[in-house]
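J.: 3D model of this:
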Amino acid sequence: MTSRPSVSLDKASVVYLDVVRALDGVSLEIGTGETVGVVGESGSGKSTLCRLLVGLTRPTDGAVSVEGQSVTAALKTDAKAFRRQIQMLMQDAVATLSPRMTIGSLMREAVAIHSLDRQETEARILALLERLRLPKSILDRYPHEISGGQARRVGVIRALLLRPSVLVADEPTAGLDVSVQGELLNLLLELQREMNLTFIMVSHNLHVIKRVTRRTIVMYLGQIVEDAPTAALFQRPAHPYSTTLLSTNPLLSAGGAANPIILQGEIPSNANPPKGCRFHTRCPVAQPACAQTMPELTKTDSGSLVRCHFPYSLALTSAHQQAGGSAD
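T.: You can find the predicted model right below:
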């Protein structure tokens, strides 16, 4: 971690209609050049976190900073400069492209908006087309004339044209064939290393998170419940919710567990979250204390941060059951 994080959230909350707590007191620091994954069920706050970072959503409480500057203050003083610092790859790449403009016009639109040097940017467009293995002829096509994979690569070029320091990707491989996913991820990682980008990736695909990221943040009902090195998380998750997520895929779960852990009940409402630990209503190893007191994010012996009164308890219980219930 650098002395000044590239991205910082300090007790940031987003409350919609004064009722729905999409994010609740999230504190987080991401260092320059880090590659961080964000995972969790729908409604956990992943997309709200992304929108908060890029300024599409404003915090109700707390503070959000990018490259040492408050996002709220940056948008007021020089919104264009802030937009050049941080860019986002949307989940629906095709929907971000105007059907009335050619790919070339869409790319050059950013040049006009940000008053960039046209000759220099044109050379950069051609260089990025080559890196992302797109033909120059694509500049004359319309969005409906290109594939989904090509649309995602066009989105990457549009984002990198502005030379951002932070790139946020919301499900960047969703809907792509496995072979196309792999190729796109390899290219993104190459560019991330070359440009020293701070790369934040949201994905439901745990295989992608395991392969690409060095650190993973697990979210549940608007809060961070685990923040760990990716290798440590996939080898030995500390939070019962993290253990449950990994158990759904035997190839990813700790120890190669054959049986997925099926949670009982529905996800509670963000408008009326449970008292105490928010996961206790579905947690297989919840204790009475879990329903009374909200656990804080605390550091484990392995260096992970976990929001749980009894970290590793579900992983230990599952291992015990798989061993046949032996006390020894």
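J.: what mean pLDDT does stretch 59-77 have?
T.: The average pLDDT within stretch 59-77 is 95.
J.: how about the helices in the stretch 151-300 of the chain?
T.: 178-195, 206-212, 230-235, 240-247 (DSSP state H, counting those that start in this stretch).
J.: most tightly surrounded among these?
T.: Each of the helices of the stretch 151-300 of the chain was given a mean neighbour count from mean count of other Cβ atoms under 10 Å, and the largest, a mean of 26, is that of helix 240-247. Glycine gets a C-beta too; all of them are placed from N, C-alpha and C.
J.: work out the gap between that helix and the centre of the chain.
T.: 17 Å (Cα atoms, centre = their mean, to the nearest Å).
J.: just send the helices of the stretch 151-300 of the chain back as JSON lines, with distance to residue 114 too.
T.: Shown next, in JSON lines, are those (distance: least, Cβ to Cβ, whole Å):
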{"stretch": "helix 178-195", "distance to residue 114": "17"}
{"stretch": "helix 206-212", "distance to residue 114": "29"}
{"stretch": "helix 230-235", "distance to residue 114": "34"}
{"stretch": "helix 240-247", "distance to residue 114": "40"}
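J.: for those helices, give me JSON lines that also has mean pLDDT.
T.: Shown next, in JSON lines, are these (pLDDT from 0 to 100):
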{"stretch": "helix 178-195", "mean pLDDT": "87"}
{"stretch": "helix 206-212", "mean pLDDT": "91"}
{"stretch": "helix 230-235", "mean pLDDT": "92"}
{"stretch": "helix 240-247", "mean pLDDT": "91"}
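J.: got any ranges where this structure has weak pLDDT?
T.: 1-3, 250-258, 315-328 (pLDDT under 70).
J.: so what are the domain limits for it?
T.: Domain assignment for the chain by automatic domain parsing gives 7-213, 240-322.
J.: can you give me the end-to-end distance of the longest one?
T.: Which is domain 7-213. 16 Å (Cα to Cα, to the nearest Å).
J.: one step back: ok, which of the helices of the stretch 151-300 of the chain comes nearest residue 300?
T.: Closest to residue 300 of these, according to Cβ to Cβ: helix 230-235, at 9.1 Å.
J.: who touches the closest one?
T.: Residues from elsewhere that reach helix 230-235 (Cβ atoms under 8 Å, 6 or more residues apart in numbering): 37, 209-210, 213-216, 218, 226, 242, 246, 252, 254, 302-304.
J.: what about the strands in the protein?
T.: 7-16, 20-30, 35-39, 61-66, 69-70, 86-89, 166-170, 198-202, 215-220, 223-229, 298-299, 305-306 (DSSP state E).
J.: pop out the phi and psi values for the closest residue to residue 264 other than its chain neighbours.
T.: Leaving out its chain neighbours, the residue that sits closest to residue 264 by Cβ to Cβ, 6 or more residues apart in numbering is residue 282, at 6.3 Å. Residue 282 adopts backbone torsions of phi -120, psi 0, taken as degrees, to the nearest 10.
J.: who's in contact with residue 282?
T.: For residue 282, the contact set (Cβ under 8 Å, 6+ apart) comprises 263, 264, 265, 267.
J.: now the buried members of the residues you listed.
T.: 263, 267 (16 or more other Cβ atoms under 10 Å).
J.: show me which of the contacts of residue 282 is closest to residue 201.
T.: Nearest member of the contacts of residue 282 to residue 201, counting by Cβ to Cβ, is residue 267, at 22.7 Å.
J.: let me know the distance separating that closest one from residue 219.
T.: Distance, residue 267 to residue 219, by Cβ to Cβ, to the nearest Å: 12 Å.
J.: now the strands of the chain as a markdown table including mean neighbour count and distance to residue 104?
T.: Shown next, in a markdown table, are these (neighbours: other Cβ atoms under 10 Å; distance: least, Cβ to Cβ, whole Å):
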| stretch | mean neighbour count | distance to residue 104 |
| --- | --- | --- |
| strand 7-16 | 19 | 32 |
| strand 20-30 | 20 | 34 |
| strand 35-39 | 24 | 31 |
| strand 61-66 | 19 | 30 |
| strand 69-70 | 15 | 33 |
| strand 86-89 | 22 | 19 |
| strand 166-170 | 23 | 22 |
| strand 198-202 | 25 | 27 |
| strand 215-220 | 24 | 37 |
| strand 223-229 | 24 | 41 |
| strand 298-299 | 12 | 50 |
| strand 305-306 | 23 | 45 |
